[in-house]
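Q: Fold the following and give me the result.
(chains A and B)
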2 protein chains.
Amino acid sequence: MPQIRMVAFDADDTLWRSEDYFDAAQAEFERIVAPHVSGPGALERLAAIERANLAVFGYGVKGMALSMVEAAIEVTEQRIGAADLHRIVVLSKEMLAHPVELLPGIRAAVEEIAAVHPIVMITKGDLFHQEAKVRDSGLGDLFRRIETVSEKDAATYARLLSEFDAGASEFVMIGNSLRSDIAPVLALGGWGVHVPYHLTWAHELEAEIPTAHARRLYTVAEASELPTAVRAIVEAASPESVGA
Amino acid sequence: MPQIRMVAFDADDTLWRSEDYFDAAQAEFERIVAPHVSGPGALERLAAIERANLAVFGYGVKGMALSMVEAAIEVTEQRIGAADLHRIVVLSKEMLAHPVELLPGIRAAVEEIAAVHPIVMITKGDLFHQEAKVRDSGLGDLFRRIETVSEKDAATYARLLSEFDAGASEFVMIGNSLRSDIAPVLALGGWGVHVPYHLTWAHELEAEIPTAHARRLYTVAEASELPTAVRAIVEAASPESVGA
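A: This next block holds a predicted model:
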């Protein structure tokens, strides 16, 4: 008898493209400040300012844009003009209004898994933007619950599992970030399916998976392999399975 | 036997000050642009830009700051300098990091109600900022659930009631906004306690309370009256109550 009672999906870079837009925004930032700076280093200063502001702004496009305004002023030593700074605000609005681009094969994979298991979405970042993306994705109705959280750590997953009335050993999390989607769920005793994305913010790569947890971690190369990975977990999690 | 099973609190301007800071930020915006504009109307343009941006930015300080940058550039016809625009970013960081100021008497009122009923917090706006305020308030542990939502309408309350496993007629919402806290809950068949705040964003005043719903609406002048109002609702909601 399968013991898996719930399958959760990350959203950004698991269901749809996200990091591509942040990378494109950084390239645009570099073009905006380029005429006003003499040497390299603008992106490094932007990254440092974004890190320093993370504690007050949190994740998301609006905080990124405010950090870009601040960084543009600093790296140009206030030489940048109002029109160029306005381009950063416009850029943030374009990112927030950008149509959702689902990743290849993800709709079929989500539908196939949802036909067998209750599924939920657990996403990090700006609530307003995430809800807009869920609406635009057309996937919302497949999910029992859609949770936007400010940080994906073990305490957050423990709270959500309690709200979902599911045990960690009955729970599978699917996502592209080892740090946010996989490591904390494995630490609680849950199961993880890692789907690496071609672009990953360095911050999201920092994770240690203890060897003892690794048997509950599956890795797939693309979305079409997700249903098979979940079936393998159901098999491994069943009481009849040796060593489960 | 009391039928009320859950009491919910709004947060901004119900538990702690919020609108005061937005008002102060507007005054600061006016001071920042004043040297670069010839006539009045800067605040009207800011309000119009904020309204237009609400659909992409949602509620909260970061969206306000981006709208202020845009408005400052527009009303000064790009004459404003980088240093003045940086003051807007700094202002947003100060607002986000500002210590929470609880409203007079609210801690005792929340504790008294929490001793009798399970309580939850339902707040609108930026998830990251709301969570920071909850932590700073010291009230978080009193609440069974803390929900940040992007819009407080009847559909949102219906979803939350389903998640809380509570019926509308068993549910009391306490808040300062007729539009967001009271009208949608009354429309679902729930109970409301309105605590007017000395400052209210015009947007939050727009609400129609049908006469038929008014008997489920209580109004108090200050937080210390909240436990009495909740007791009156428990009494009115009990099956023995005439006309309940």
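
Q: how near is residue A:16 to residue B:130?
A: Distance of residue A:16 to residue B:130, given as CB to CB, to the nearest Å: 25 Å. In this view, the C-beta of every residue, glycine as well, is placed from N, C-alpha and C.

Q: between these two, who's got more neighbours?
A: residue B:130 (22 against 18; other CB atoms under 10 Å in any protein chain shown).

Q: So the more buried one, which state does it fall into?
A: Following DSSP: H, G, I helix; E, B strand; the rest coil, residue B:130 is assigned to helix.

Q: which stretch of helix or strand covers residue A:192?
A: strand A:191-194 (DSSP states H and E).

Q: after that strand comes which helix or strand?
A: strand A:217-219.

Q: Does anything pack onto the helix or strand where residue A:52 lies? Which helices or strands?
A: Assessed by DSSP H and E, residue A:52 sits inside helix A:42-57. Packing partners of helix A:42-57 (3 or more CB pairs under 8 Å, 6 or more residues apart in numbering or on different chains; DSSP states H and E): helix A:19-33, helix A:61-75, helix B:82-97.

Q: Low-confidence stretches in chain A?
A: Applying pLDDT under 70 to chain A flags residues A:1-2, A:200-205, A:241-244.

Q: Could you list the contact residues of it toward chain B?
A: A:53, A:56-60, A:62-63, A:65-66, A:69-70, A:72-73, A:76, A:78-83, A:85-86, A:89, A:92-93, A:96-97, A:126-129, A:131, A:145, A:148-150, A:163 (CB under 8 Å from any CB of the partner chain).

Q: And the buried ones among those, selectable in ChimeraX?
A: Only the buried entries of those go into this ChimeraX selection, using 16 or more other CB atoms under 10 Å in any protein chain shown:
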select /A:53,56,57,58,59,60,62,63,65,66,69,70,72,73,76,80,81,82,85,86,89,92,93,96,126,127,128,129,131,145,148,149,150
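
Q: give me phi/psi at the residue nearest to residue A:192 when sequence neighbours are not counted?
A: Once flanking residues are discounted, residue A:192 sits nearest to residue A:182: 4.0 Å by CB to CB, 6 or more residues apart in numbering or on different chains. Per-residue torsions, residue A:182: phi -110, psi -60 (degrees, to the nearest 10).

Q: Repeat that for residue A:123.
A: Per degrees, to the nearest 10, the backbone of residue A:123 is at phi -130, psi 150.

Q: Report the residue ranges of every domain in chain A.
A: Using automatic domain parsing, the domain parsing of chain A gives A:6-16+A:100-237, A:19-97.

Q: Please tabulate the ones you listed in a markdown table, including the columns distance to residue B:225.
A: Shown next, in a markdown table, are these (distance: least, CB to CB, whole Å):
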| stretch | distance to residue B:225 |
| --- | --- |
| domain A:6-16+A:100-237 | 32 |
| domain A:19-97 | 35 |
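
Q: Looking at those domains, which is nearest to residue B:234?
A: Residue B:234 lies closest to domain A:6-16+A:100-237 among the domains of chain A, at 26.4 Å (CB to CB).

Q: Tell me how many other residues surround residue A:35.
A: Counted with other CB under 10 Å, residues neighbouring residue A:35 total 11.

Q: List the residues that contact the nearest residue to residue A:111 once chain neighbours are set aside.
A: Spatial nearest neighbour of residue A:111, excluding adjacent residues (CB to CB, 6+ apart): residue A:142 at 6.6 Å. Residues counted as contacts of residue A:142 (CB atoms under 8 Å, 6 or more residues apart in numbering or on different chains) are A:110-111, A:114, A:119.
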